[in-house]
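In: Sequence plus predicted model, see below.
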Amino acid sequence: MSHLRIYRDDTRPDVFEDHTTFETIRDAAAEANIRFERWDASQPLAEAATQADILTAYAEAITRLERDCGFATADVVSVSASTPNHPELRKKFLNEHTHSEDEARFFVEGSGLFCIHHGGAIYALECTKGDLINVPAGTRHWFDMGPSPRFVAIRLFTDPKGWIADFTGSDVAARFPRFEKAA
Ligand SMILES: [Fe+2]
């Protein structure tokens, strides 16, 4: 189930807002300029589904997102506990960073934790199957897939060339619960 916990960024990490319903998560996330939507993620996917299979299964949703939101391309990121380098993949985006492009993800399986640093608060949003999240360009954030990851997400890009992590150098991410504590 999707879950949003909001912490102040300058104190010990006590939750001061806790949201578990779609509407309250959507509205609270919007305060941090995060777009949060529910999309149909009921397409059956075989265990061995390839990136092309997944893009085909969700072609209609992708076309709508590209048309309505200006995304130009899409691909798939799929990580599980059997992905050989998943500990390294996890570390890659575990510290606070920004991008010069939006970070948009549509979770079609599993879950992952996005933490957004905005206005003196940390918005820790656990996204699950059916969630669409858009983190705008320039927003400080980090992403945690956890020690035993399991997710398939469609990534949507306005320009994938601009999607490089620019790390802020802050240690703020280490002060807040990781996926396994937050979940
Ligand atoms: Fe990111």
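Out: Looks like it came in fine. Residues are numbered from 1 along each chain as shown.
In: which residue is nearest the centroid of this structure?
Out: Closest to where the C-alpha atoms of the chain average out (C-alpha atoms, centre = their mean) is F114, at 4.7 Å.
In: what bridges to that residue?
Out: L125, F143 (DSSP bridges).
In: gap between it and D144?
Out: Distance, F114 to D144, by C-beta to C-beta, to the nearest Å: 8 Å. Bear in mind the C-beta positions are built from the backbone N, C-alpha and C, glycine included.
In: which stretches of this structure have low pLDDT?
Out: Counting by pLDDT under 70, the chain shows low-confidence ranges at 12, 162, 183.
In: What segments of it are helices?
Out: For the chain, the helices defined by DSSP state H occupy 22-31, 51-57, 59-69, 86-92, 179-182.
In: Grab the nearest non-local neighbour of G138.
Out: T98 (5.4 Å; C-beta to C-beta, 6 or more residues apart in numbering).
In: Now for the one you found: which residues touch it?
Out: Contact analysis of T98 by C-beta atoms under 8 Å, 6 or more residues apart in numbering lists 137-141, 165-166, 168.
In: Please apply the same query to F167.
Out: F167 neighbours (C-beta under 8 Å, 6+ apart): 95-97.
In: Same question for T158.
Out: T158 touches 70-72, 101-102, counting by C-beta under 8 Å, 6+ apart.
In: same thing with F176?
Out: 7, 13, 115, 122, 124, 182.
In: you'd agree the third one is up against R140?
Out: No - in this structure C115 lies outside contact range of R140 using C-beta atoms under 8 Å: 9.2 Å.
In: Could I get the full set of strands for the protein?
Out: Counting by DSSP state E, the chain has strands at residues 3-8, 15-19, 35-38, 73-80, 97-98, 103-118, 121-128, 131-135, 140-144, 150-157, 166-167.
In: Now render those as CSV, adding distance to F176.
Out: Putting the strands of the chain into CSV (distance: least, C-beta to C-beta, whole Å) gives the following:
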stretch, distance to F176
strand 3-8, 6
strand 15-19, 10
strand 35-38, 19
strand 73-80, 21
strand 97-98, 15
strand 103-118, 6
strand 121-128, 5
strand 131-135, 16
strand 140-144, 9
strand 150-157, 20
strand 166-167, 16
